[in-house]
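> Quick one, what's the 3D model for this:
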Amino acid sequence: MSTENEKTGTSQYEEGALKVRKLTPTQVMFTVVGCGVGSGCLGTAYGARLAGFPVIAFWLIVSGITTLFSMYYVAEAALRTRRMMQLPGLAERYVGPIGRVLIFLAVTLNSFSCLIAYFNGSGSILNKLLGVPDWVGTMMFLIPGMLVVYFGLKAVGMAGEYLSIAMTIMLIILCGASLLSKDANFSRLAVANWYYAVPVFNIAAFSYIGQYLVPDLARGLSHEPEKLAPAMLMGQIITMALLILVPLGCFAIQPADKITQVATIAWGEALGQWALYIANIFALIAMFTSFCPISQTLISSVVDFFKFKSDSDAKFRLPIMVVIYLVPLILVLGGFVGFVDALYFSGTFCAAIMAILPVFMVNKARKTGDIEPVWNCGWMASAPMEILIVVLYGSTVFYAIFSAFGLLPAGW
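Residues are numbered from 1 along each chain as shown. Here you go, the predicted structure:
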C-alpha cells in the first residue's frame with residue numbers, strides 16, 4: 001500500500017460491478033468457518049464409514065492446509081489487482097479465457113452441489129424434528145436464507161459471525177457428550193482401511209472448498225488488506241478443528257453402519273432426545289452459515305462472468321437468485337440427486353479446478369499485477385508446494401473417472 005494510502009486510511013482498490021461492503025476481520029474469519037462447516041461436515045462421517053476415523057482425520061488436516069495455501073494464492077492475486085472482481089474475472093486476467101470458463105463452471109457446479117446438499121439435508125432434518133414433509137422443511141430453510149442473501153455481503157458476514165459462534169458451542173457440547181457417554185467405544189476411532197483413502201480425500205476436499213469466497217473477503221477488507229491473511233488463517237484453523245470433531249463424535253458413539261448421510265440425525269439419536277435437537281439445530285445452522293456466503297459468491301461470480309452492471313441492483317440480483325435456487329430445488333424435490341453423491345461429485349472436480357488454477361494465477365499476478373501488496377504467500381507459493389497441490393488434486397480426478405468404471409474402489 002502506498003504511503004499516502006497508509007496516512008489517509010483509504011483503499012487503493014476500485015469497485016466496479018461488485019460493490020464494496022466493509023467487513024471486519026472477525027466477520028471474515030467466521031465467514032470462512034461458516035462456509036467450511038456446512039454440508040461437507042455433515043457428510044464426512046458417512047462418506048468415511050468404510051475408511052474409518054484415522055483416514056478422514058488425516059485427509060481433513062492435509063486438505064485443510066493445502067486448501068488454505070490455494071486460498072492464499074487467490075488472496076495474493078486479488079490484492080495485486082486494483083479493480084475488485086470475483087474469481088472468474090481474476091482467472092480471465094491472469095490465466096486467460098479458458099481459465100475464466102473453467103473457474104466459472106467449477107464455482108457454479110460446486111455451488112449447485114452445495115445447495116442440493118443443503119436442500120436435501122434441511123428437508124430431512126426438519127422432517128425429523130417437526131414431522132413436516134421434506135419439501136416443507138426445505139422451503140422453511142430456503143426462505144430466510146434468501147432474505148439474508150438478498151441484502152448482500154455485509155448481511156452475510158454479520159449472520160455468519162453470530163451463527164458460527166453458536167454452532168461452535170453446540171458442536172463442542174455434542175462431541176464432549178459423545179466422548180463422555182457410557183456408550184462411547186474408543187476402539188472404533190482406531191479402525192482404518194486405507195484402501196478407501198482417495199475417495200475419502202474428495203469428501204474432505206469438498207469441506208474446505210473456499211477459493212471462490214476469497215475475492216469477496218478481499219473486497220470486504222480492501223480498506224485493511226494486511227488483515228486478510230491472518231483472518232483467513234484463524235478461520236481455517238477453527239474450521240479444521242470443528243470438521244474433525246464431527247466424525248470423531250460420530251465414530252465414538254455409534255458403529256459405522258449406523259451413521260446416516262446427514263450425520264447429526266443418527267448422532268443425536270445415539271445420545272438421547274436432548275442431543276437429537278441440539279445436533280440437528282447445529283446441522284441447520286451449519287448449512288445456513290454455508291448457504292449464505294456460497295450464494296453470495298455465486299451471485300457475484302455470475303455478475304462478474306456475464307459482466308452485468310451491478311451485483312447489488314435488484315433488477316440483476318433477483319433474477320440471478322431465482323435461477324440459482326430454482327435449479328437445485330427442482331433436482332432435490334424431484335429426487336434426482338442424493339446428499340453425499342452431491343458432495344463427492346463436487347469435491348472431485350471442483351476442488352481440483354479451484355485448487356490448481358490459483359497456482360497459475362498467483363505466478364502471473366506477481367509479474368503483471370497492478371499493486372505490490374502489503375502481504376504475499378512467501379514460501380507457501382514455492383515450486384515444491386505448488387507441484388504438491390497440482391499432483392494431489394489432479395490425481396483425484398483420474399481416480400473418480402476410474403472408479404466410475406469400476407476399476408478402482410468407490411468410497412461408500
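
> pLDDT (mean, whole number) over stretch 158-172?
For stretch 158-172, mean pLDDT is 84.

> cool, and stretch 324-336?
Mean predicted confidence for stretch 324-336 is 86.

> next one: that stretch to chain centre, how far?
Relative to its parent chain, stretch 324-336 has a centroid offset of 20 Å by C-alpha atoms, centre = their mean, to the nearest Å.

> who's in contact with it?
Applying C-beta atoms under 8 Å, 6 or more residues apart in numbering, the set of residues contacting stretch 324-336 from outside is 111-112, 115-116, 119-120, 123, 135, 138, 142, 146, 295, 298-299, 302, 337. For every residue, glycine as well, the C-beta is placed using N, CA and C.

> and if you look at stretch 359-367?
70, 73-74, 76-77, 80-81, 90-91, 94-95, 99, 376-377, 381, 386, 389-390.

> quick one: which of those sit in helices?
Residues of the contacts of stretch 359-367 located in helices (DSSP state H): Ser70, Tyr73, Val74, Glu76, Ala77, Leu90, Ala91, Tyr94, Gly99, Glu386, Ile389, Val390.

> Tell me how far the residue nearest to the first one when sequence neighbours are not counted lies from Lys154.
Beyond its immediate neighbours in the sequence, the residue positioned closest to Ser70 (C-beta to C-beta, 6 or more residues apart in numbering) is Ala355, lying 4.5 Å away. For Ala355, the distance to Lys154 equals 28 Å [C-beta to C-beta, to the nearest Å].

> more crowded one of these two?
The neighbour count for Ala355 versus Lys154, taken as other C-beta atoms under 10 Å, is higher for Ala355 (27 against 14).

> What distance do you get for the more buried one to Leu23?
24 Å.

> before we move on, back to that, helix or strand: which one has the residue nearest to Ser70?
In the assignment (DSSP states H and E), Ala355 maps to helix 339-368.

> Also Leu179?
helix 153-180.

> Show me what counts as buried in that helix.
Neighbour counts over helix 153-180 (16 or more other C-beta atoms under 10 Å) mark 153, 155-161, 163-164, 167-168, 170-171, 174-175, 177-178 as buried.

> other SSEs contacting that helix?
For helix 153-180, the packing partners by 3 or more C-beta pairs under 8 Å, 6 or more residues apart in numbering; DSSP states H and E come out as helix 25-36, helix 134-150, helix 214-220, helix 228-253, helix 263-271, helix 273-306.

> Dump these to a markdown table, plus mean pLDDT.
Shown next, in a markdown table, are those (pLDDT from 0 to 100):
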| stretch | mean pLDDT |
| --- | --- |
| helix 25-36 | 88 |
| helix 134-150 | 93 |
| helix 214-220 | 89 |
| helix 228-253 | 92 |
| helix 263-271 | 74 |
| helix 273-306 | 88 |
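
> so which of those helices gets nearest Ala17?
Of all those, helix 273-306 sits nearest to Ala17, with 5.4 Å by C-beta to C-beta.

> Could you export the helix or strand containing Pro199 as PDB, CA atoms only?
When elements are defined using DSSP H and E, Pro199 is found to belong to helix 197-208. Output in PDB follows, covering the C-alpha atoms of helix 197-208 (Å, rounded to 0.1, in the frame of the first residue of the first chain):
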ATOM      1  CA  ALA A 197      -8.300 -43.300   1.200                       C
ATOM      2  CA  VAL A 198      -8.500 -41.500  -2.100                       C
ATOM      3  CA  PRO A 199     -12.300 -41.200  -2.400                       C
ATOM      4  CA  VAL A 200     -12.400 -40.100   1.200                       C
ATOM      5  CA  PHE A 201     -10.000 -37.300   0.300                       C
ATOM      6  CA  ASN A 202     -12.500 -36.000  -2.200                       C
ATOM      7  CA  ILE A 203     -15.100 -35.600   0.600                       C
ATOM      8  CA  ALA A 204     -12.500 -33.900   2.800                       C
ATOM      9  CA  ALA A 205     -11.500 -31.600   0.000                       C
ATOM     10  CA  PHE A 206     -15.100 -30.600  -0.600                       C
ATOM     11  CA  SER A 207     -15.500 -29.500   3.000                       C
ATOM     12  CA  TYR A 208     -12.800 -26.800   2.500                       C
END
